[in-house]
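K.L.:
Using only what follows, build the 3D model:
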Amino acid sequence: MSKMLNRPIRVLVAKVGLDGHDRGAKVIATSLRDAGMEVIYTGLRQTPEMVVNTALQEDVDAIGISILSGAHMTVFPKIVEVMKQKQLSDVLLTGGGIIPENDMKKLKEIGVGELFAPGTTMATIVDYIKNWVAENRNF
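P.N.:
Numbering: from 1, shown residues only. A predicted model of the protein is given here:
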């Protein structure tokens, strides 16, 4: 494992599309901040382009998408596509919500990181982000 950054890990937490359920995203954002990360929360009704542009502007290490609307097979591939267009290849795309296991597998195959189901402990999510950043963002 590489050494950690000389600054707090920066994570963008976003809700994409018309999914108006943001309680989980706010809980995640607060928990990541409590774990020492710098968190940018975009709020509701973001587009994939808005998310990636904010990630670029804020120089984040990870993007976390909270999705409960069932649109994960549209949202994640579009974000991956926009990240590729913007050459944002060194940023973790992760997330969670109501995502069937088969869909999680398909999304991982196109480059999405771990996806977390309801009930996942915050320690698991924090450790995953910290470990990914230590291995991939040590500059």
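K.L.:
Name the residues linked to residue 11 by a beta bridge.
P.N.:
residue 39, residue 62 (DSSP bridges).
K.L.:
For it, give me its contacts.
P.N.:
32, 37-40, 60-64, 129 (CB atoms under 8 Å, 6 or more residues apart in numbering). Placement of C-beta: from N, CA and C, glycine included.
K.L.:
Just the buried ones from those?
P.N.:
With burial judged by 16 or more other CB atoms under 10 Å, the buried subset of the contacts of residue 11 is 32, 37, 39-40, 60-64, 129.
K.L.:
quick one, phi/psi of residue 69?
P.N.:
Note on residue 69: its backbone torsions stand at phi -90, psi -10 [degrees, to the nearest 10].
K.L.:
Actually, residue 47.
P.N.:
Dihedral pair for residue 47: phi -100, psi 160, per degrees, to the nearest 10.
K.L.:
returning to what we had before: now the buried ones among the contacts of residue 11 as CSV including distance to residue 111 and pLDDT?
P.N.:
Shown next, in CSV, are the buried ones among the contacts of residue 11 (distance: CB to CB, whole Å; pLDDT from 0 to 100):
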residue, distance to residue 111, pLDDT
32, 22, 97
37, 22, 97
39, 23, 98
40, 21, 97
60, 16, 98
61, 16, 97
62, 14, 98
63, 12, 98
64, 15, 97
129, 16, 98
